[in-house]
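Colleague: Mind folding the following:
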Amino acid sequence: MLNFKFTAIARLLVSAGAACLVLPACDREKNNSTFNIQNSKLVIPARGIYTGAYIDWGDKEDAVTLEAIENFEKLVGKHQAIVASSSYWGEQTFPEANMRLISNHGSLPLVFWSPWDKPYVEENHPPDKFSLTSIIAGEHDAYIDMWGKKAREFGRPMVVSFANEMNGSWFPWSGVHYGGGTPIPDSNPTRYEGPEIFKQAYRHVVDRVRAQGADNVQWVLHLMNYSLPQEPWNLAAQYYPGPKYCDWLGFSLYGVQTAEDEWAPFLPLVDWPYEELRRIDATKPVMICEWGVAELPQLGSKPDWIRDGFRAMKDPKYPNIKACVFWHERWQNDDGRYSNLRVNSTPESLEAYRKGVADPIYLDKPIYHAK
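Modeller: Numbers count the residues shown, from 1 in each chain. Modelled structure (predicted):
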């Protein structure tokens, strides 16, 4: 999200084996070119991975246009099954126009719903008016209820990532801001204040949206692939709100983004996080909610990193990976230099992406069935 993906975690190269269950698909699968998706349900494909992108929608990540989507699809040579954008609580709106545009285009909307007040681009500032504790206290129930009602009225399938990357340290909803690793007295097994407060807020939001009848919303628990700080209290399992509150488990996966970073190959960045999620719940599909790497040839080859990514995500050892969303953005850093994560940062990187995504295992349309 935004232009400050935290890449210190990319230096933690951990590997682990993984084995998961293949998820069944409905025998009434249909893509949205032949099926009325109103009041339908997204299908997790038995074989295949939904491909998608976030396409540099501006500072608020919500300036979605059909032209930009079509230009990106022409660039990469493939329709996008998923198109991602954001909805910030500071706007106090439901992004109906964006959701409808994306859905009408034949893509599944993925929305990063962030409890964040203006100014959004300030990293590492403490909780603001939309703190997790204020959410739990019910101070924002009117907004949550409105959002849930509007989602129900929209009616079409959508996926929501609420308060993403909470196991990092850069967002105001991160566990570090709410007691972090302070143990809760007499908890057995040991539970910690930061993750427990996050889970309470997450459940509160999901419960209220569902109470508005928005059963067209699927929820993804969206972590960072490596926790920061990398301590037992801050690992993914501590933030898991329970199986009924998540339809997907997901994480962000980034390689280097600035010249000061250390090059990290793709495989270790996916292998351990995938295993970590599998241990939480091996029945849930896994979404790589964001993935990307900057064009920094002095550090390593972006084309090779992209090729490795497409090969790894379809590897049979990761059968629960069912969606991957590329972060197609370029931004200027404080030192004047640029971080270019766009697929077309060079002709070679673009060619690597086009060839990788052309594999038919990367699905270009969401699949639905009637409820």
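
Colleague: Buried ones in the helix or strand where Tyr353 lies, by neighbour count?
Modeller: Assigned by DSSP states H and E, Tyr353 belongs to helix 347-357. Using 16 or more other Cβ atoms under 10 Å as the test for burial, helix 347-357 gives Ser349, Leu350, Ala352, Tyr353, Arg354, Gly356, Val357. Backbone N, C-alpha and C define where each C-beta goes, glycine included.

Colleague: per-residue pLDDT, the second one?
Modeller: The pLDDT attached to Leu350 in the predicted structure is 98.

Colleague: swap in the fourth one?
Modeller: Reported pLDDT at Tyr353 in the predicted model: 98.

Colleague: quick one: the closest residue to it other than its chain neighbours from Ala294, how far?
Modeller: With Cβ to Cβ, 6 or more residues apart in numbering as the criterion, Tyr353 has its nearest non-adjacent residue at 4.3 Å, and that residue is Val343. Distance from Val343 to Ala294, counting by Cβ to Cβ, to the nearest Å: 12 Å.

Colleague: now do Gln218
Modeller: Counting by Cβ to Cβ - Gln218 and Ala294 are separated by 30 Å.

Colleague: between the two, which one's more packed in?
Modeller: Legend: neighbour count by other Cβ atoms under 10 Å for Gln218 and Ala294, higher for Ala294 (25 against 19).

Colleague: is it true that Pro126 touches Trp170?
Modeller: No: contact criterion Cβ atoms under 8 Å: Pro126 and Trp170 do not qualify, at 11.6 Å.

Colleague: out of those two, which sits in the busier spot?
Modeller: Between Pro126 and Trp170, counting by other Cβ under 10 Å, Trp170 is the more crowded of the two (17 against 9).

Colleague: helix/strand/coil for the more buried one?
Modeller: What DSSP: H, G, I helix; E, B strand; the rest coil gives for Trp170 is coil.

Colleague: the helices in the stretch 1-150 of the chain, which residues?
Modeller: 66-76, 96-104, 132-136, 141-154 (DSSP state H, counting those that start in this stretch).

Colleague: wait, which of those helices is closest to Arg47?
Modeller: helix 66-76 (21.5 Å; Cβ to Cβ).

Colleague: Pick out the residue nearest the middle of the protein.
Modeller: Taking Cα atoms, centre = their mean, the centroid of the chain lies closest to Cys289, which sits 2.7 Å from it.

Colleague: and that one, helix, strand or coil?
Modeller: strand.

Colleague: That one and His222 touch, don't they?
Modeller: Yes: with contact defined as Cβ under 8 Å, Cys289 reaches His222; the gap is 4.8 Å.

Colleague: Now for the two: what residues contact both?
Modeller: With contacts defined as Cβ atoms under 8 Å, 6 or more residues apart in numbering, the residues adjacent to both Cys289 and His222 are Ser161, Asn164, Gly250, Phe251, Ser252.

Colleague: Type out the PyMOL command that picks the buried ones from those residues.
Modeller: To isolate the buried ones among those in PyMOL, judged by 16+ other Cβ under 10 Å, type:
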select buried, resi 161+164+250+251+252
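
Colleague: Could you identify the most distant pair in the shared contacts of Cys289 and His222?
Modeller: Longest span within those, Cβ to Cβ: Ser161 and Phe251, 10.5 Å.

Colleague: returning to that earlier point: I'd like the shared contacts of Cys289 and His222 written out as a markdown table, with pLDDT added.
Modeller: Putting these into a markdown table (pLDDT from 0 to 100) gives the following:
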| residue | pLDDT |
| --- | --- |
| Ser161 | 98 |
| Asn164 | 98 |
| Gly250 | 98 |
| Phe251 | 98 |
| Ser252 | 98 |
